[in-house]
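Asker: 3D model of this:
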Amino acid sequence: MNTSICFVVLCLLALWIQLPSVYMYQCYSNPPAVETQSLLDLYYATDGPHWLHPWPIPSNTSANVTSIPCESWDGLVCYTIDNECRVLALELSHNNLAGAIPPSLGNLTALQYIYLNN
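Answerer: Here you go, the predicted model:
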């Protein structure tokens, strides 16, 4: 058997063995505080209050936004990864975003897909 084929087979086998430890399912709880802050940064940096589908961010700045469950954030897809609700995708296309993407978006370390086109 070719060495490169053996390597690929071993890599796939190793990935298959690891899958149960990263089992994912959609969650409806709150993302971690650091991810929530990154989402807030995106919201305010891209004129979120004027989006076509704004997020349920209270105007009271002292309100606890970390208590807003994932399904309330329009365009977010969250999955439980290692017992924690994580943001996996942002689908904010055609939502009237305006402004720069904040660097803190890099804190969404489980993010796999992002759609921001108009």
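Asker: so V34 is in contact with L105, correct?
Answerer: No. At 11.5 Å, V34 does not count as touching L105 under the criterion of C-beta atoms under 8 Å. Glycine gets a C-beta too; all of them are placed from N, C-alpha and C.
Asker: and the residue nearest the centre of the chain, what helix or strand is that in?
Answerer: Nearest to the geometric centre of the chain sits V87, at 2.3 Å (C-alpha atoms, centre = their mean). Under the criterion of DSSP states H and E, V87 resides in strand 84-91.
Asker: just checking, what packs against that strand?
Answerer: helix 33-45, strand 76-81, strand 113-115 (3 or more C-beta pairs under 8 Å, 6 or more residues apart in numbering; DSSP states H and E).
Asker: show me which positions of the first one end up buried.
Answerer: Of all the residues in helix 33-45, those buried under the rule 16 or more other C-beta atoms under 10 Å are E35, T36, S38, L39, L40, D41, L42, Y43, A45.
Asker: related to what we said a few turns ago, the helices and strands packed on strand 84-91: which one's closest to C70?
Answerer: With C-beta to C-beta as the criterion, C70 lies closest to strand 76-81 of the helices and strands packed on strand 84-91, at 3.7 Å.
Asker: okay, now the sheet partners of that closest one, with direction.
Answerer: Counting by DSSP bridges, the strands paired with strand 76-81 are strand 24-26 (antiparallel), strand 84-91 (antiparallel).
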